[in-house]
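> Build me a model from this:
(chains A and B, ligands or ions: 8)
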Protein chains: 2
Amino acid sequence: KNSIKIIGQTTDMYTQAYFAYDAKKSGGVTQSHLRFGKDPIRSPYYVSRADFVACHAPSYVDKYDLAKDLKDGGIFLLNCPWKAEELEEKLPAELKRGLAAKNARFYIIDALGIASGLGLGGRTNSVLQSAFFKLVDVIPLDIALEEMKKAVRKTYSKKGKKVVEMNVAAIDAGIDGLIEVKVPVSWKNAKDAPVDLSHLPEFVREVVIPMNRQEGDDVPVSMYGRFNIPDGTFPSGMTKYEKRGVAVSVPRWNIDNCIHCNQCALVCPHAAIRPILIDAEEKKNAPAGFETKKALGKGLENYAFRIQVSPYDCTGCGSCAEVCPAKNKALEMRPLEEELRQHENWTFAVDDVRIKADAVKDTSVKHSQFAQPLFEFSGACAGCGETPYIKLATQLFGDRMYIANASGCSSAYGGSPPSIPYAINKEGEGPAWAMSLFEDNAEYAYGMLLGSEKVRSTIADKAGALMGTSAEEAIKAYLEGRNDSVHTRAVSSALITALEAFEPANNIQKEARNFILTHRDYLRKKSYWAFGGDGWAYDIGYGGLDHVLASGQNINVLVLDTEVYSNTGGQSSKATAAGAVAKFAADGKKTKKKDLGMMAMSYGYVYVAQVAMGYDQNQVLAAMREAEAYDGPSLIIAYCPCIEHGPKCGMGKSQQEMKDAVESGYWHLYRYNPELKKEGKNPFLLDSKQPTKELVSFLRGENRYASLERTFPEQAESLFEKARTDAEERLASYQRLAKG
Amino acid sequence: KNSIKIIGQTTDMYTQAYFAYDAKKSGGVTQSHLRFGKDPIRSPYYVSRADFVACHAPSYVDKYDLAKDLKDGGIFLLNCPWKAEELEEKLPAELKRGLAAKNARFYIIDALGIASGLGLGGRTNSVLQSAFFKLVDVIPLDIALEEMKKAVRKTYSKKGKKVVEMNVAAIDAGIDGLIEVKVPVSWKNAKDAPVDLSHLPEFVREVVIPMNRQEGDDVPVSMYGRFNIPDGTFPSGMTKYEKRGVAVSVPRWNIDNCIHCNQCALVCPHAAIRPILIDAEEKKNAPAGFETKKALGKGLENYAFRIQVSPYDCTGCGSCAEVCPAKNKALEMRPLEEELRQHENWTFAVDDVRIKADAVKDTSVKHSQFAQPLFEFSGACAGCGETPYIKLATQLFGDRMYIANASGCSSAYGGSPPSIPYAINKEGEGPAWAMSLFEDNAEYAYGMLLGSEKVRSTIADKAGALMGTSAEEAIKAYLEGRNDSVHTRAVSSALITALEAFEPANNIQKEARNFILTHRDYLRKKSYWAFGGDGWAYDIGYGGLDHVLASGQNINVLVLDTEVYSNTGGQSSKATAAGAVAKFAADGKKTKKKDLGMMAMSYGYVYVAQVAMGYDQNQVLAAMREAEAYDGPSLIIAYCPCIEHGPKCGMGKSQQEMKDAVESGYWHLYRYNPELKKEGKNPFLLDSKQPTKELVSFLRGENRYASLERTFPEQAESLFEKARTDAEERLASYQRLAKG
Ligand SMILES: Cc1ncc(C[n+]2csc(CCOP(=O)(O)OP(=O)(O)O)c2C)c(N)n1
Ligand SMILES: Cc1ncc(C[n+]2csc(CCOP(=O)(O)OP(=O)(O)O)c2C)c(N)n1
Ligand code: SF4
Ligand code: SF4
Ligand code: SF4
Ligand code: SF4
Ligand code: SF4
Ligand code: SF4
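Ligands and ions are numbered 1, 2, ... in the order given. Model (predicted):
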């Protein structure tokens, strides 16, 4: 974007820019289509005969047909850590043939190496931009460089002088780092060893892989008919076919240090690390490197234990290693390439090792993690604070869950075809997920409930007609247990068995039996959920959310509170606290954070919890369990660190960030359970302890606050003071409730 | 509606019905257009050549051209208390000529006399319907009567056996009560004494009067151009030209019993009774009957006092007489005709007696009533619980008020052209009122604020350019006092005077002066208000309301809480309490009333009050004054008895009903003033006392609850019990806040 701006502003050329994005937050793809020239541009379509094509991520060489849109004699720039000699081995045949056929002028640059050498970490944009100007030769190079430096100063001045200098240095380095590569004639006929895709489902081969290769526009519409999904339904469990391999480093497990706590699995935003319980029989077929140890803990005596990482699915955020509580860390981050050999172990672990249902319990963090996550490998940012909550919910209720999702990050990484991270278990059960709009999500979930509960109550009515028959016992048990989270599965299965064996004596019985068997998917208790961010829950969807909570119906709401509109770049919401810098609050938000939970508690019949996984994992688990079990509306407000907060410690420490938030009194944990009133108890439990740290030290650890001190120091002082009194008022209001 | 149903169902005729309503809630007009016949009806327009025309209200004979749509030889039925001999005198010439010209078959019936004789009060529908069937002869009379009785049984069975019987009797009485009248030939040339309208504004003559005569469709569109209101603006203060005279009885003032408390004026829903302060000079021109007494109270020594009723504007609700606290009531309800002579006194009082500004104070109920109401004679139901609050607000802030009104009763009686009850004072100042939609009213008010405050801040900026000139002192005073409710008027006027005298020394000064003088309407502090019902505030507009309150801006919200969607016939809202019968909650609402105030208080910076005029008039006054003075968002939730509650005591006791609501713990009074925090005080004041009466006795006094006991007695028992615990929980939560 910046490049086209510079061209537009420093020349008299006409410019045009299109951008095509996928919806991934980590390792995502952006295609930029830029046009410029002396004549007005009248092409309202993407560029397909390009003078210049640059690929900014080395991993894309295997995934996309990069030379496709290059014109004859055009320039191809590849950002990669490889030396020229390594290209023969690294590049796939398709790209080699393409470059040779197009007589490409081929350049490489190690932008990542250069940027991290300069202390810029992974921020390679300045390096690549100057390389672009050098190669494209559209403006005199010195002018282009000057403009770039100006832009850098403008953009980064808020972040301090050092950052500016590093970026300026990167601009110069981009020129020097360019290496020209001669395309060997032999590439004309390059051939790869054939890849066998036959083990993949047809849908994945015909639709998902082309879409993931950014060739979705070429998939014929008839495919939707062929796979019987003309209404826009999309099969779930698709992300596991992506194997993106976007991590720089991934965790390596140390079997001897591990204490089998499963916290790594709980916090992983991508479900890329899992505890495996394996029995002796299964063990026989394990790959050689599949090391295990006797599982620790009661009830696990018959199993061996292992932590398994999927190197291709891991994003390298480091959360797992950060959180590992073993005295000597049992996880160490290692370069991706070293760990690729774990891929075989992973495949074995997920394909050939059964989930051990007897080990799964929803009452301990450790045992909750033996359940299969039915949300995996989403495109969320590495280290995202939202996804661990979603994953946990699917482990607890995923096999009977309906999810309505508001627009937001959770819809972007949750349901952007073909990347569907919601998955199914071996029985084919998994969350049914859908998004309607940003503003009506609670109502949408409510509609799901009304529709499906109508079927379920019809089932119950019909079942009545079968009393006095041989199925009576199963029916009684079913009617008793159908809405009980614990028993619903067993009584539903038993009813199916009984009805399948049952011979109807007349038409009424037949009709009833058939109705029930046809609607068997509706037998079990459903778990209705509305997911969404604070932009939805506090602002745009709040009117509907309030109405649905007030309805008294058994609906569950999970608010992923990042305190800003994350998906659209960090706009201020009513969840934004005083003093935070956000879009529409550039000089710090003036008003206090809205207390959504307090408002919901005023009904008295809404289950409400505020949670923060990094502070108390057990409390999160308890809140989800209680919310779902409560026969009425439930609201869980989950604190979610987000890249938009600009955490100085990086996104690998999201869990620590949550802990700090609570310990400094920035966030509070509580549960309000209306059930307790029946027992004559106070429904409100304050679950977090009295703050022990200074609020301001927490604020200073995140750029959303710290930047205010740099840009508006006086404002910062008074707003930070306000933030402190706001937090105290909030705590006092909770303490008042806790006293009863 | 019922008649056309019976025709449709008992004959093989085709039927069609159109209804045209005005927006009046009391003494309003409905035109029913019914067609039926052996052939299909293909006329998608109103009936204009009618076989049968009935006029159900005697007062319409003077107002509408009733014979206009009658066809030659058609039947005209007039409901009136008059004997045949009186018609010569009572009927206007226009109607006489019409009836004669159309050779009408003319019938009269005293439906009101018949109905009230049967104990049906004013419910004349059964009487008139059977008269219709007798005259129209469309179905054999005995079948029609049988069908009507069936319908009566169905409709009224919930209201008990006695009601059914009375209505059945009314059906038979309708047949007997018909009197045929011979139309005298002399009526062909009947002439009235000419009426002089020349004293009325042209707009009233050309637009308002025709619209009020239901002839608005005949007003040429060009009038909007002529009166310069092509954008839909409508002049305010129009209801005073209606002089509807819809009351049966109106209050007569007893000068000796009166203690000059002005409570009658405060509670009057129609501003039809007012305290008049008159000085000796004015007294000289008073009509003979204009009796006064020396005004009681400090500061009023120079005035004489009188309570003046407008017999034509009074709806006869009786609220004033009910509430009059004089030991021997100083108001007695008397037949309208006896009091018509007060019309002359009224005209003198409002036209020729100045408002005594020095007597007006916003700190006492009595003195607040010496201010001119800028909301008068609305079409609200007689005894409406909403309008007294609105009237009071206009007395306090009306001269600088912007009102955004949600759809609902308050928009129907507040702004249905030509009946605009918002009025202007002698200086031409009055509320600016507008309605956008049902759902976006808070946002609409917020937009008014943003727009007008932008102008005001520009004024302040420009004023800066005039410092150091002769206007400096006035400018300083203005900048200091411009946002102060008390001083804003004085400093603004002084600034205008100073600037009009000021000679600019250069162009900048000239431009600044001109800008300010051109925008003089914006100088004074504005008072931004959003008005609406609970359907708006608790439900459909709540998301926006919450957002606007959260904004921290100085906006005031008045929620007229009738606990149902009154304007559309009583649908349940989140303000409806458990146990109440309402549309969509026919067997009693299951969930608790939402605590809107509690939710708003959770922000900590929103002024919130719950009020009920009938329990504590002073508290209402204090809440309005504090809310408006508070430099931030304010929310006043006002309890409003409504005809939809089915109060057994009738709507004349609305004030008593409020008192009972509070004394039984059904409703609570409080004020939450964030200002008090600055003084280290608890911001929450519980203004109502511990309940002294049984909740259930209050519930049984209103049909919305009482009917549940009749139709679903078991349900009623458990829901009334729930209502009781809900009310207790609510009180406990307020007491917790009051403790701090
Ligand atoms: C009515 C409407 N307005 C704006 C948008 C654009 N939009 C999509 S997602 C989003 C932000 C969501 O923020 P939040 O609810 O906080 O979720 P997060 O991304 O933080 O998880 C916005 C503004 C939209 N989809 N619909
Ligand atoms: C979006 C929308 N839905 C429905 C309506 C119809 N409508 C107009 S007024 C009204 C009821 C208003 O009820 P409330 O807000 O309680 O005010 P009240 O009439 O009780 O004073 C309704 C449903 C509308 N105007 N707009
Ligand atoms: S590094 Fe991050 S993504 Fe990878 S396994 Fe650990 S927590 Fe999961
Ligand atoms: S967090 Fe560490 S100790 Fe716990 S299971 Fe994972 S690797 Fe083992
Ligand atoms: S919530 Fe924040 S961290 Fe998570 S995916 Fe969205 S932007 Fe990234
Ligand atoms: S009877 Fe009702 S409308 Fe008439 S003056 Fe009294 S309070 Fe007002
Ligand atoms: S309420 Fe009664 S005593 Fe009070 S001013 Fe009115 S008439 Fe007089
Ligand atoms: S609020 Fe009730 S009493 Fe008032 S005008 Fe509306 S329906 Fe009539």
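> okay but residue A:723 is in contact with residue A:589, surely?
No: using C-beta atoms under 8 Å, residue A:723 is not in contact with residue A:589; the gap is 9.4 Å. C-betas here are computed from N, CA, C, even on glycine.
> For the two, list the residues in contact with both.
Contact with both residue A:723 and residue A:589 is made by residues A:577, A:578, A:579, according to C-beta atoms under 8 Å, 6 or more residues apart in numbering or on different chains.
> Select only the buried ones of the residues you listed in ChimeraX?
A single ChimeraX command selects the buried members of the shared contacts of residue A:723 and residue A:589 (16 or more other C-beta atoms under 10 Å in any protein chain shown):
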select /A:577,578,579
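> what residues are up against residue A:293?
Shown in contact with residue A:293 (C-beta under 8 Å, 6+ apart): A:255, A:258, A:304, A:305, A:306.
> Let me know the closest of these to residue A:291.
Of all the contacts of residue A:293, residue A:291 sits closest to residue A:255, with 5.5 Å by C-beta to C-beta.
> need the residues of chain A near ligand 3, please.
Near ligand 3, the residues belonging to chain A are A:250-251, A:268-270, A:272-273, A:309, A:314-320 when assessed by C-beta under 6 Å from any ligand atom.
> how about a cut-off of 8 Å?
Contacts of chain A with ligand 3, taken as C-beta under 8 Å from any ligand atom, map to A:247, A:249-251, A:264, A:267-273, A:309-310, A:313-321, A:331, A:333, A:382-383, A:652.
> Next step: those residues restricted to helices.
Using DSSP state H, the members of the residues of chain A next to ligand 3 that fall in helices are A:264, A:267, A:319, A:320, A:321.
> quick one: which of the shared contacts of residue A:723 and residue A:589 is nearest ligand 5?
Distances from ligand 5 to those, taken as C-beta to the nearest ligand atom, are shortest for residue A:577 (16.5 Å).
> Got phi/psi on the closest one?
phi -90, psi 160 (degrees, to the nearest 10).
> For ligand 7, see how far away residue A:579 is.
54 Å (C-beta to the nearest ligand atom, to the nearest Å).
> Not counting sequence-adjacent ones, nearest residue to that residue?
Residue nearest to residue A:579 in three dimensions, not counting chain neighbours: residue A:719, with 3.7 Å by C-beta to C-beta, 6 or more residues apart in numbering or on different chains.
> Residue A:163 too?
Nearest residue to residue A:163 in three dimensions, chain neighbours excluded: residue A:156, at 4.7 Å (C-beta to C-beta, 6+ apart).
> show me the contacts for that neighbour.
A:163, A:164, A:167.
> before we move on, the earlier item: okay if I get the ones in helices among the residues of chain A next to ligand 3 as TSV plus neighbour count?
Shown next, in TSV, are those (neighbours: other C-beta atoms under 10 Å in any protein chain shown):
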residue	neighbour count
A:264	27
A:267	27
A:319	31
A:320	28
A:321	21
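> Switch the residues you listed over to a markdown table; also include pLDDT.
Listed next are those as a markdown table, based on pLDDT from 0 to 100:
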| residue | pLDDT |
| --- | --- |
| A:264 | 98 |
| A:267 | 98 |
| A:319 | 97 |
| A:320 | 98 |
| A:321 | 98 |
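> what ranges do the helices span in the stretch 51-200 of chain A?
All helices of the stretch 51-200 of chain A, identified by DSSP state H, counting those that start in this stretch, fall at A:87-90, A:93-101, A:111-117, A:125-136, A:141-156, A:161-176.
> just how off-centre is the fifth one within its chain?
Averaging C-alpha coordinates over helix A:141-156 and over its chain gives two centres that are 35 Å apart (C-alpha atoms, centre = their mean, to the nearest Å).
> Can you give me the buried ones in that helix?
Counting neighbours by 16+ other C-beta under 10 Å, helix A:141-156 gives A:144, A:145, A:147, A:148, A:149, A:151, A:152, A:156 as buried.
> any idea of the mean pLDDT for it?
Per-residue pLDDT over helix A:141-156 has a mean of 87.
> Contact partners for the residue lying closest to residue A:359 once chain neighbours are set aside?
Distances taken as C-beta to C-beta, 6+ apart put residue A:370 closest to residue A:359, at 4.3 Å, once the chain neighbours are dropped. Counting by C-beta under 8 Å, 6+ apart, residue A:370 touches A:262, A:275, A:277, A:355, A:356, A:359, A:360.
> Next one: stretch A:399-411, is it in contact with ligand 1?
Yes: remark: stretch A:399-411 sits within contact range of ligand 1 at A:406, A:407, A:408, A:409, A:410, A:411, by C-beta under 8 Å from any ligand atom.
> Tell me the secondary structure of the residue nearest to the second one when sequence neighbours are not counted, please.
Ranked by C-beta to C-beta, 6+ apart and with sequence neighbours excluded, the top spatial neighbour of residue A:407 is residue A:438, at 3.8 Å. Per DSSP: H, G, I helix; E, B strand; the rest coil, the local secondary structure of residue A:438 is coil.
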